[in-house]
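Student: everything below, folded, please.
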Amino acid sequence: MRVLSAVALAALLGLTGFADDKDDYAKKIVGKWEIVKSNGDEPVGAVYDFTKDGKFSITAKLDGKDVKIDGTYSVEKDKLTTQYTIAGKAEKDVDTIKKLTDEDLEVENKDKKVYKLTRKK
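Tutor: I've put the predicted structure just below:
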């Protein structure tokens, strides 16, 4: 019986550790990230800068011009919600964080397109 309880406790702790990783996404995402692979509309080379106060910016080169978008973001578990205004229109996106390590970030949008980013030094 003790063995079964120990196995159950170890499994519970393992699941809790997994949940804590997702709970920690809000802290891990802070910093600058560059898109290195895109299966959608996001241009490779675009840089996302997430600050710890819930603000973010995107800088990219589109049609030879530098573009910057500012907005706010929040992270809850594996959901990344961004809000910004582009061309006078308020936008809100809710994407799924598929992977987040100290160096790599993979995000899937509502159209199931995945963007891969790496942390900029």
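Student: helices of the chain, start to end?
Tutor: 2-23, 25-28 (DSSP state H).
Student: lowest mean pLDDT across these, which one is that?
Tutor: Set side by side, these differ in mean pLDDT, and helix 2-23 is lowest with a mean of 45.
Student: check contacts around Asp78.
Tutor: Residues near Asp78 by C-beta atoms under 8 Å, 6 or more residues apart in numbering: Lys22, Tyr25, Thr96, Ile97, Lys98. To be clear about C-beta, it is placed using only N, CA and C from the backbone, and glycine gets the same treatment.
Student: just the buried subset of those, written out for PyMOL, thanks.
Tutor: One line in PyMOL is enough to select the buried ones among the contacts of Asp78; burial here means 16 or more other C-beta atoms under 10 Å:
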select buried, resi 22+25+97
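Student: for the contacts of Asp78, could you give me TSV that also reports distance to Val107?
Tutor: Output for those, formatted as TSV (distance: C-beta to C-beta, whole Å):
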residue	distance to Val107
Lys22	14
Tyr25	11
Thr96	7
Ile97	6
Lys98	7
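Student: looking at the contacts of Asp78, which one is closest to Lys37?
Tutor: Lys98 (12.5 Å; C-beta to C-beta).
Student: thank you kindly, that will do.
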